[in-house]
Each structure stands twice: as structure tokens, then as C-alpha cells.
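Novice: Sequence below, structure please.
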Amino acid sequence: MAGTASTHPTTNLTERELRAWRGMLRVHSALTKALDAQLEAEHGLPLSHYEVLVYLAAAPERRMRMSELAESILLSRSGLTRLVDRLEREGLIMRQTCAHDARGAFAALTDAGAEQLAVARRTHLAGVRALFLDHLSEEEQELLGELWARMLPGVGEAPAPRC
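Specialist: Next comes the predicted model:
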């Protein structure tokens, strides 16, 4: 039955379950690799860097607390720190301290980062459409979006920065 836990949680996955699970993993992996390769080839910008720029561009004042950014892009804080260091060296983002909390720090999108994002976005969106969305009807896209939201409520929502 849809939406309920399996009645046999300790047994092997059925063929249907295994096909669904492995399919999601394979599609995610293949799409991520292909989109990353496109961005790297055309803009020298890995997909992980692009994702950080997207979240910052959508955030109020084009900035997010480092901890919230790490949660949004599913990286550890140390992983995000290394990524932010590189993006900062490239002039695409900058760190800002939080006036109300000396322990808090923001990552903020620079104008150069916004420009890089605008150029790379065309490539990325074309890739998302060609490699994924064009293979689904509008109804299938709607259904898939509903299924993802059922599994992970709030998918696609970026948290607003707090200080």
C-alpha cells in the first residue's frame, strides 16, 4: 500500500522495490555526473559550487548562515567550509560576520558570483530539461514532484537566513 511502511521490514526487497530504489540511485548518480560535466566544461564551475550560488541568490540579501547553507546543500560544516573557501578565493562569494552573534557567519553572493551564476544557469537548466524533464510528460512531472514532497516534506525550499 502506498505511503505505508513495508510489512516485512527485515526481509529482502522485492523485485519491484529493488527496481524503484536502484533506479532512483542510478538516475540521480548519472544526472549529477552529466550536469557536473556540462558545467565544468562550459564554465569551469562544478555542480556543487553552482548549487551554493543558487541558494545564495535565492536567499534574502543574497546571503545565508553557514550552518543553514550546509543543511541546504547536504554537506558537513567542514565540507562547506572548504567549498566556501574556494568560492571566496574565486571572488564568487564572501563571508560576513553576524552583527548580533559573534559566533555566526554568513556566506554572501558577490556581484561576480551573481554574474557567473546567470551565465551557468542557462547551461544547467538546458541540461536539466534535456537529460531529465524532457523524458517526462507534464503529468508525470507533477506526480513526481508530489512523490518527492511526500518523502521529504519541504524539498526545494531554501531556509531564510537568521541572525
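
Novice: Export the helix or strand in which Glu140 is found to PDB, keeping only CA atoms.
Specialist: If you go by DSSP states H and E, Glu140 is part of helix 138-151. What follows is helix 138-151 as a C-alpha-only set of coordinates in PDB (Å, rounded to 0.1, in the frame of the first residue of the first chain):
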ATOM      1  CA  GLU A 138       3.800  17.400 -17.600                       C
ATOM      2  CA  GLU A 139       1.500  15.000 -15.600                       C
ATOM      3  CA  GLU A 140       4.500  12.800 -14.800                       C
ATOM      4  CA  GLN A 141       6.500  15.800 -13.600                       C
ATOM      5  CA  GLU A 142       3.600  16.800 -11.400                       C
ATOM      6  CA  LEU A 143       3.300  13.300  -9.900                       C
ATOM      7  CA  LEU A 144       7.000  13.000  -9.400                       C
ATOM      8  CA  GLY A 145       7.100  16.400  -7.600                       C
ATOM      9  CA  GLU A 146       4.200  15.200  -5.300                       C
ATOM     10  CA  LEU A 147       6.000  12.000  -4.600                       C
ATOM     11  CA  TRP A 148       9.300  13.700  -3.600                       C
ATOM     12  CA  ALA A 149       7.300  16.100  -1.400                       C
ATOM     13  CA  ARG A 150       5.600  13.200   0.300                       C
ATOM     14  CA  MET A 151       9.000  11.500   1.000                       C
END
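
Novice: Show me what it packs onto, helices and strands only.
Specialist: Applying 3 or more CB pairs under 8 Å, 6 or more residues apart in numbering; DSSP states H and E, one finds that helix 138-151 contacts no other helix or strand. (C-beta placed from N, C-alpha, C; glycine too.)

Novice: what distance separates that helix from the middle of the whole chain?
Specialist: In terms of CA atoms, centre = their mean, to the nearest Å, the centre of helix 138-151 is set 17 Å apart from its chain centre.

Novice: any idea of the mean pLDDT in that helix?
Specialist: Across helix 138-151, pLDDT averages out at 92.

Novice: before we move on, what about stretch 59-66?
Specialist: When pLDDT is averaged over stretch 59-66, the result is 92.
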